[in-house]
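# I need the structure of the sequence given here:
(one chain, ligands or ions: 1)
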Amino acid sequence: MNTRTAIPTEIIAIGSELLTPYYQDTNSLYITQRLNDLGLSVQFKSIVGDSPKDLQSSIKNAFARARIIFATGGLGPTEDDQTREAFAEVLRKKLILNEAVLNKIEHRFQRRGYEMPSVNIKQAQVIQGAEILENEHGTAPGLWLETDGRTIILLPGPPHELKPMFEYFVWPRLQKYRTHHVERRVMKIVGLSESKIETLIHDLYPEDPSLQVTTLASPGQIEIHLTSHSLRSSEEAMTNLAALEKGLRSRLGENVFSSSGEELEAVVGKMLREKGKTLSVAESCTGGFLGHRITNIPGSSDYFIQGIQAYSNSAKNRLLQVDQGLLDRRGAVSAEVARVMAVNVKSISLASFGLAITGIAGPAGGSPEKPVGLVFTALSWTGGEEVARNLFLGNRQAVKFQSSQKALDMLRRHLLKLETG
Ligand code: ATP
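Next up, the predicted model:
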């Protein structure tokens, strides 16, 4: 859906590094998305190096064609940071040293046990008439200036400084330009192919242009991005979004593991915690990747006991007590070995569940009977176990991701069954 052009808007990304092949201007993408959420669209973007002359020329261009002008970068303390100076020059306004900002910057250095270098003084210079946007994550404050019918917003370059400043201080000030309301949701799906999803939901694609459905597929996970626009209220956008999501969920069922942006390892972790259950994993071809994903979640020590990385046959025998005869007879990549790995890691660690992965991640090591991408995943619980034979496509990393995804999903579906029955 086209966003309505309420006010001509431009973003200037400042920094000579952005004109090299090594850095990308991602700030403008972020700002654009947030502006679109308000119903504003961006007419112009420019990228300019640090030279004051070029900078002033970009600013003059922007002044000639836009009423809302964002600039990011060049607010630092060094000689080549010239954003404030260039805007002040074009606007013919003074730069005034702001004592409160200076104290804050000095204090920031003192807290870390340093004295403020004198070069940082210039970061406390404020363009006459501008409001200060505080920087909680760096020294350079942003500036908001309304003058001659234009709104000018200067923001720092580092994204981890810009984003919080934008959300806390710029977003509330931008609300007066809002022309419509947008709500978004991302449904994450595992266990269905993109084409299968398409056949299940294609008749639910909304004809109403205020609702958008976009499917993004990657190996092991599919995301459906839902966007709802309303000219009236965010409640209306939300209600329409909820109805659309409900319809899609009724078709996709428990293959949807999240609608709130959570990763699969977070969803499984939450379920384990809620049920007071614990987990251990035994990994061969994923080399610890499953354990890494599980322990990426803060608080995972509540439910994760241990991971055993048993890459070689001898390690499978020594660390997981997989019988040497079984390894010789069936091979390490087999349903039987996966099953024993899951059962034994559970019993060795006294966990409620054991998950195991053994397979051929490639690119070498495949055979006609056991091709690259063949992976066995196994789940063991008190009273039973389940083994899955999978044939994953893609490179080594893709096979490792899909293997860990499948293992987590086996546990998720088992935990769901416990809930319902
Ligand atoms: P600082 O106080 O850190 O110097 P600054 O406002 O002067 O803040 P720059 O020096 O222009 O920021 O940029 C610092 C870093 O921020 C750059 O090296 C780059 O990594 C990142 N950065 C700058 N502009 C952008 C941009 N448009 N998109 C993404 N990253 C950016």
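# Which secondary structure state does Glu183 sit in?
Assigned by DSSP: H, G, I helix; E, B strand; the rest coil, the conformation of Glu183 is strand.
# what about the strands in the stretch 1-150 of the chain?
Secondary structure of the stretch 1-150 of the chain (DSSP state E, counting those that start in this stretch): strands located at 9-14, 44-48, 68-72, 95-97, 125-127, 131-133, 142-147, 150-155.
# Mind listing residues that contact the fourth one?
So that's strand 95-97. Outside strand 95-97, the residues that touch it by CB atoms under 8 Å, 6 or more residues apart in numbering are 84-85, 88, 121, 124-128. No exception for glycine: its C-beta is placed from N, CA and C like everyone else's.
# what do you get if the cut-off is 6 Å, keeping everything else the same?
Strand 95-97 is contacted from outside by 88, 124-126, 128, using CB atoms under 6 Å, 6 or more residues apart in numbering.
# could you flag which of those residues are buried?
88, 124-126 (16 or more other CB atoms under 10 Å).
# Next, the buried residues of the worst-scoring helix or strand of the chain on mean pLDDT.
Sorted by mean pLDDT, DSSP states H and E, the helices and strands of the chain end with helix 99-111, the least confident at a mean of 91. Across helix 99-111, burial judged by 16+ other CB under 10 Å covers 101-102, 104-106.
# next one: the helix or strand hosting Ile305 to chain centre, how far?
Here Ile305 sits within strand 304-309, counting by DSSP states H and E. Put simply, strand 304-309 sits 26 Å off its chain's centre (CA atoms, centre = their mean, to the nearest Å).
# Which strands or helices does that strand pack on?
strand 279-283, helix 335-349 (3 or more CB pairs under 6 Å, 6 or more residues apart in numbering; DSSP states H and E).
# following it, which helix or strand comes up?
helix 313-320.
# For whichever helix or strand comes after that following helix, which outside residues touch it?
Stepping forward along the backbone from helix 313-320, the first helix or strand reached (DSSP H and E) is helix 324-330. Residues outside helix 324-330 that contact it (CB under 6 Å, 6+ apart): 313, 317, 336.
# Around the ligand, pick out the residues from this structure.
Contact residues, the chain versus the ligand (CB under 6 Å from any ligand atom): 13, 15, 17-18, 23, 25-27, 72-76, 81, 138-140, 156-159.
# Can you flag the buried ones in those?
13, 15, 18, 25, 27, 72-76, 81, 138-140, 156-158.
# Could I get the full set of helices for the stretch 101-250 of the chain?
For the stretch 101-250 of the chain, the helices defined by DSSP state H, counting those that start in this stretch occupy 159-165, 171-174, 194-201, 234-252.
# what pLDDT does whatever residue of the stretch 151-300 of the chain ends up closest to the ligand get?
Residue of the stretch 151-300 of the chain nearest the ligand, by CB to the nearest ligand atom: Gly157 (2.6 Å). If you check Gly157, the pLDDT there is 97.
# Can you check the pLDDT for the nearest residue to it once chain neighbours are set aside?
In space, and not counting its chain neighbours, Gly157 is closest to Gly73: 3.3 Å by CB to CB, 6 or more residues apart in numbering. Here, the pLDDT recorded for Gly73 equals 97.
# what do you get for Val119?
Looking at Val119, the pLDDT reads 89.
# ok so, going back, state the distance from the residue nearest to Gly157 to Lys163.
14 Å (CB to CB, to the nearest Å).
# got JSON lines for the helices of the stretch 101-250 of the chain, with distance to Lys60 too?
Written out in JSON lines, the entries for these read as follows (distance: least, CB to CB, whole Å):
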{"stretch": "helix 159-165", "distance to Lys60": "24"}
{"stretch": "helix 171-174", "distance to Lys60": "24"}
{"stretch": "helix 194-201", "distance to Lys60": "48"}
{"stretch": "helix 234-252", "distance to Lys60": "37"}
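# Please report how far the residue of the chain positioned farthest from its centre lies from Ala335.
Distance from the C-alpha centroid of the chain peaks at Gly325, with 45.4 Å (CA atoms, centre = their mean). Distance, Gly325 to Ala335, by CB to CB: 16 Å.
# before we move on, what about Val267?
Val267 sits 26 Å away from Ala335, going by CB to CB.
# who's in contact with the residue of the stretch 151-300 of the chain closest to the ligand?
15, 72-73 are the contacts of Gly157 under CB under 6 Å, 6+ apart.
# go with 8 Å
Here Gly157 is in contact with 14-15, 27, 72-76 (CB under 8 Å, 6+ apart).
# for Ala378, same thing?
Contacts of Ala378 (CB under 8 Å, 6+ apart): 335, 338-339, 341-343, 354-357, 385-388, 410.
# I figured Thr147 hits Val90, correct?
No - using CB atoms under 8 Å, Thr147 is not in contact with Val90, being 11.0 Å away.
# which of these two has more neighbours?
Val90 (17 against 13; other CB atoms under 10 Å).
# which residues of this structure score low on pLDDT?
1-6, 421 (pLDDT under 70).
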